[in-house]
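Colleague: Any chance you can model this:
(chains A and B)
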Number of protein chains: 2
Amino acid sequence: MTGEVRLIPLRGIPELDEGDDLGAMLVEAAARAGGLDAGDVLVVAQKAVSKVEGRIVHLSDVEPSARARELAGDEDARRMEVILRESRDLVRTRPPLVIAETSHGFVCASAGVDASNATGPDTVVLLPRDPDHSARRLRARIHELTGVDVGVIVSDSFGRAFRRGTTDVALGVSGLAPLRDLRGQRDSAGYELHSTEIAVADELAGAAELVMGKTEGVPAVVVRGVAVAGEGSGADLLMPRERDLFR
Amino acid sequence: MTGEVRLIPLRGIPELDEGDDLGAMLVEAAARAGGLDAGDVLVVAQKAVSKVEGRIVHLSDVEPSARARELAGDEDARRMEVILRESRDLVRTRPPLVIAETSHGFVCASAGVDASNATGPDTVVLLPRDPDHSARRLRARIHELTGVDVGVIVSDSFGRAFRRGTTDVALGVSGLAPLRDLRGQRDSAGYELHSTEIAVADELAGAAELVMGKTEGVPAVVVRGVAVAGEGSGADLLMPRERDLFR
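Modeller: Now for the predicted structure:
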């Protein structure tokens, strides 16, 4: 039986710079919030991860291509150039809006390139190069420092087709299976559940966003009480192209 | 400052039938879990709402059309006929899969018509006729019985474009603004946040799913500690066709 779930914000994490030991900072913040338990899931905002990984581009270093100028419309063509470099495909374009497939396979606005919460007026933040690797590394560092085995999710805010607003989803995952497969299970009426695969990691990321807030300086949240198990990666959440009815 | 958030499952709600006083059952279950507080958000599974509203179809009463037979492939054409009746547009079809726009404007698999957790071997459950109305009615009933002002979300599991697995989203909303608009706010680096509208109601629904489980008989969850405010409806979450880059 699943009982109550708690979403615990981690506060007091300072502004982050490249090379900072984010794992240690998370452990310290968690200690102030009562510590970590085995089975906790730590949801960490992508931007915090990207900053310590140095995934920042200074726009003054960027020379936009003709294609970037065309797609940017009246907006900064240098930012569009960065978006194009981060993309392996453009799924939809309506200047200056671009829905891109990133080099990782994520489909999202602006290939995840973001100017908010950046480190200066002419910088943008890129997604981590390998969010699963980022999650694994944070998890290993937390285990090294505390001996506690937690799950880690690196999250970001994505828009959706057909629905307004963003919800946070899981880019990188370590220490839990991101999909809960109910196929073969029976519901309370005795029915076999068809095609029911729940994107638990995305729901965990969205739940964490509820306490993160974008403007309050809470880059990480502990989710306690969700029975997660197994292993997997954020890449498991990507719909294979050939199965995707929306391509 | 947003503090800790709690997700509290409501247990012990019996199998539901048409005409049952779901509001009273939720109040009783919440009382067993410690009661409701002002500002709580009650997330209620669509299927519970649909059952008490009698949104059940017996397939033996359904005569499938030629179109339904064609789209159903090897599956039950009577179920496909029900799906077509619930749809105002078909967004994608790959027999027997249908992504439909429902009469409400939701874009989802099978127009939300579902056989799991149904009331018998040859029945399917439809979405509520007006999920916002369902949410408003539950909220009013809860206020009538307890004097407590809660928010109510009627939730369901939807698939997404580009990503595997379902996440729960808000179909009907009462007592809270489903979108949090950050435009004009500044982040911790002093930037104005562009185009940042967070689908809080969908994140609340997804968070609740983490404790609902599909097979455990938890049709409702209390979310406590999220600062929700304002008013709005589930229809606010629908992307207007002309703004939708995915149509």
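Colleague: and A:Val27, what does it touch?
Modeller: By CB atoms under 8 Å, 6 or more residues apart in numbering or on different chains, the residues touching A:Val27 are A:Leu36, A:Ile142, A:Leu145, A:Thr146. Every residue, glycine included, has its C-beta placed from N, CA and C.
Colleague: Same question for the nearest residue to A:Arg224 once chain neighbours are set aside, what's its three-state structure.
Modeller: Leaving aside its chain neighbours, A:Arg224 sits nearest to A:Arg6 (4.6 Å; criterion: CB to CB, 6 or more residues apart in numbering or on different chains). Here A:Arg6 is strand, with the state taken from DSSP: H, G, I helix; E, B strand; the rest coil.
Colleague: and which of the contacts of A:Val27 is nearest to chain B?
Modeller: Using CB to the nearest CB, the shortest approach to chain B within the contacts of A:Val27 belongs to A:Leu36, at 14.8 Å.
Colleague: Next, give phi and psi for A:Pro178.
Modeller: The phi/psi pair for A:Pro178 (degrees, to the nearest 10) reads phi -70, psi -20.
Colleague: Correction: the previous question concerned A:Pro96.
Modeller: In terms of degrees, to the nearest 10, the main-chain angles of A:Pro96 are phi -90, psi 20.
Colleague: That one and A:Met80 touch, don't they?
Modeller: Yes - applying CB atoms under 8 Å as the test, A:Pro96 and A:Met80 come out as touching, 7.0 Å apart.
Colleague: Which one's more surrounded, those two?
Modeller: More crowded of A:Pro96 and A:Met80, by other CB atoms under 10 Å in any protein chain shown: A:Met80, with 26 against 16.
Colleague: Look at that one and tell me its secondary structure.
Modeller: Under three-state DSSP, A:Met80 falls in the helix class.
Colleague: which neighbours do A:Pro96 and A:Met80 share?
Modeller: Overlap of the contact sets of A:Pro96 and A:Met80 (by CB under 8 Å, 6+ apart) consists of A:Leu71, A:Ala72.
Colleague: Now do the strands in chain A.
Modeller: Ranges of strands in chain A, per DSSP state E, are A:5-10, A:41-45, A:56-58, A:87-94, A:97-102, A:107-109, A:123-125, A:151-158, A:167-174, A:180-181, A:197-198, A:220-224.
Colleague: Mean pLDDT for these - can I get that in CSV?
Modeller: Listed next are these as CSV, based on pLDDT from 0 to 100:
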stretch, mean pLDDT
strand A:5-10, 96
strand A:41-45, 98
strand A:56-58, 96
strand A:87-94, 94
strand A:97-102, 94
strand A:107-109, 95
strand A:123-125, 94
strand A:151-158, 97
strand A:167-174, 98
strand A:180-181, 88
strand A:197-198, 92
strand A:220-224, 97
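Colleague: which strands and helices sit next to the lengthiest helix in chain A?
Modeller: Counting residues, the longest helix in chain A under DSSP state H turns out to be helix A:131-146. On a contact count with 3 or more CB pairs under 8 Å, 6 or more residues apart in numbering or on different chains; DSSP states H and E, helix A:131-146 meets helix A:22-32, strand A:41-45, helix A:46-52, strand A:151-158, strand A:167-174.
Colleague: Can you lay out the ones you listed as CSV showing distance to B:His133?
Modeller: What follows is the helices and strands packed on helix A:131-146, written out as CSV (distance: least, CB to CB, whole Å):
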stretch, distance to B:His133
helix A:22-32, 43
strand A:41-45, 34
helix A:46-52, 38
strand A:151-158, 30
strand A:167-174, 24
